[in-house]
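Enquirer: sequence first, then the predicted structure:
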Amino acid sequence: MTTDPVRLATDMDEVRDVTVIGAGPVGMCTAFWAGMREASSRIIDSLPELGGQLTTLYPEKWVFDVPGHPRVLAKDLVEMLRVQALEQFDVPVHLNVTAETISWEGSDEDRAVVLHTDRGELRSRTVIVAGGHGAFEPKKLPGFDMTPWEGRGAYYIVGEKSVFEGKRVMIVGGGDSACDWVINLLDTASSLSLVHRREGFRAHEVTVGQVLEAAERGDVALHVPFQIKEVYGDGSVERVRLFHSEDEAHEIEVEVDAILLQLGFKTALGPLKDWGFEVIKGAIAVDQVMKTSLERVWACGDITTFDGKLKLIATGFAESAIAVAQAVHEIRPEVKIQPKYSTNTGVPGAVAGQP
Ligand SMILES: Cc1cc2nc3c(=O)[nH]c(=O)nc-3n(C[C@H](O)[C@H](O)[C@H](O)COP(=O)(O)OP(=O)(O)OC[C@H]3O[C@@H](n4cnc5c(N)ncnc54)[C@H](O)[C@@H]3O)c2cc1C
C-alpha cells in the first residue's frame, strides 16, 4: 500500500502552506481539503504505512458508518483516500517521520512554523495535527530482539494480505489482532502457526472459538505456551526455534517464511504533549473552529477534544474541512472561509482526466 503509488517525499526544504501531522483517514482528508482550497500540503507519519488505525488495527474489517459507503473495508477506504487526496493533488508523503518539537520563525508574510522531526526540519505556513491517539509504535517482542529480521520476513503491520500469499506464516501474540489475523490469513498462507507465550488467549470469545476450530481441522498449528528462542535464515526468515514457557529445555523448530508479530501498539501523545497545547485527558483542546492554543496550529480527528466530541471517521472528515478553511483564511485572508461548491468548481488544479 505504501510505496509506489505514493510519492515518498525527499524534499524537506520547500515551505508549503500546510503540514499535516498524521496519515490516518483524517490526515489524508485534511490534505484533500487543502487541495480543494488550492493550498499546498504535505503529510508526515511515524508509521511506514498510510491509514493510521485503519491500517494498523483493522484493515480487513468492514466499516458501516462512513456515509455514502453502505459498507467498506477499512483498507479500501484508505486506498480511496490515497487516490482522492494524495494522488489527485500530488501531495508529498513523508513516512517513518515523527514530529518531535515545534518552533516559529520569520514575521508577517514569511512567518513559518518549523516542525523538527527525527529526519530534519520541515517548514510550512500552518500545521494541522491529525495525530489520532499519537504516534503509533508496534510493541516489540519481550526477550528476543527481532530487529535484525525486520524487512527480512518479520512484520508488524499487514498492508496487503497478498504479502503472505503461499507463505508459511507464524503469527505471534494472544490478543484480538493475532487471532483475527489467523482467521484472515487462512485462505492466503500456505500454512499457519500461532505462538503465544501463555495458556489462553485474550481475544473475543467468538474469534478464539474460530481459531480453535481451525486448529482442530489442522488449518493452524497452535504452539502454546511457547516463546521464540532463535530465528534462522540465509538472508530472510526460514526457521524459528521455540521454547516451552514452563519448561525451557523443551524446544521445537518450525519452518516458516514470515513471522507476523501482533503484540499490540503503543500510542501516546508522545512528543506532542510538550508543545504547549492545552491537553485534556490526553487529547488536544480545540475551539469550535479546530484552533489549538498554538499559533498557526489547528487539529482534527481523534486527537481533538471539545464539548460534544465524537471519535468517528465521519466527524473527523468534517473537522478537517473546518481546520483547513481556517488555516487557508489565516494565510490568505482574501479566501472566504465557506468554500464554493465542488459541483460548480470541479477539482482545482486537477490532474489530467479530472473534471
Ligand atoms: C478496532 C477499531 C474499529 C473502529 N471502527 C470504526 C468504525 O466502524 N467507524 C468509525 O467511524 N470509526 C471507527 N474506529 C475509530 C477510527 O479508526 C478513528 O476515529 C480514526 O482512525 C481517527 O482517524 P485519525 O486520522 O484522526 O487518527 P489515526 O487513524 O489514529 O491516525 C493518526 C496518525 O497520526 C500519526 N502520528 C501521531 N503523532 C505523530 C507524530 N508526532 N509524528 C508523526 N506521526 C504522528 C500516527 O502514527 C497515526 O498514523 C475504530 C477504531 C478501532 C480501533
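Expert: Yep, it's here.
Enquirer: break this structure into its domains for me.
Expert: 16-136+265-345, 140-261 (automatic domain parsing).
Enquirer: and the residue of the stretch 101-250 of the chain closest to the ligand?
Expert: residue 132 (1.9 Å; Cβ to the nearest ligand atom). In this view, the C-beta of every residue, glycine as well, is placed from N, C-alpha and C.
Enquirer: of the domains of the chain, flag the one that's most buried.
Expert: Ranked by average neighbour count under the criterion mean count of other Cβ atoms under 10 Å, the domains of the chain are headed by domain 16-136+265-345 at a mean of 19.
Enquirer: just give me how far it sits from the chain centre.
Expert: 12 Å (Cα atoms, centre = their mean, to the nearest Å).
Enquirer: oh, and call the first residue 173 from now on, that's how I've got it
Expert: Sounds good: first residue 173 from here, last item domain 188-308+437-517.
Enquirer: for the chain, what spans make up the helices?
Expert: 197-208, 224-228, 246-253, 348-357, 377-389, 485-503, 514-517 (DSSP state H).
Enquirer: residues from the stretch 323-472 of the chain in reach of the ligand?
Expert: For the stretch 323-472 of the chain, the contact set with the ligand under Cβ under 6 Å from any ligand atom comprises 442, 443, 444.
Enquirer: thinking again about what came up before, can I get the helices of the chain in TSV with distance to residue 459 and mean pLDDT?
Expert: Shown next, in TSV, are those (distance: least, Cβ to Cβ, whole Å; pLDDT from 0 to 100):
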stretch	distance to residue 459	mean pLDDT
helix 197-208	17	98
helix 224-228	24	91
helix 246-253	26	96
helix 348-357	36	93
helix 377-389	41	95
helix 485-503	10	98
helix 514-517	26	90
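Enquirer: looking at those, spot the one closest to residue 276.
Expert: helix 485-503 (13.4 Å; Cβ to Cβ).
Enquirer: quick check: angle from the closest one to helix 246-253?
Expert: 30 degrees (axes from the mean of the first three to the mean of the last three Cα atoms, to 10 degrees).
Enquirer: how about helix 485-503 and the ligand, touching?
Expert: Yes. Counting by Cβ under 6 Å from any ligand atom, the ligand is contacted by helix 485-503 at 485, 486, 488.
Enquirer: low-scoring stretches of the chain, by residue?
Expert: 173-182, 440, 521-527 (pLDDT under 70).
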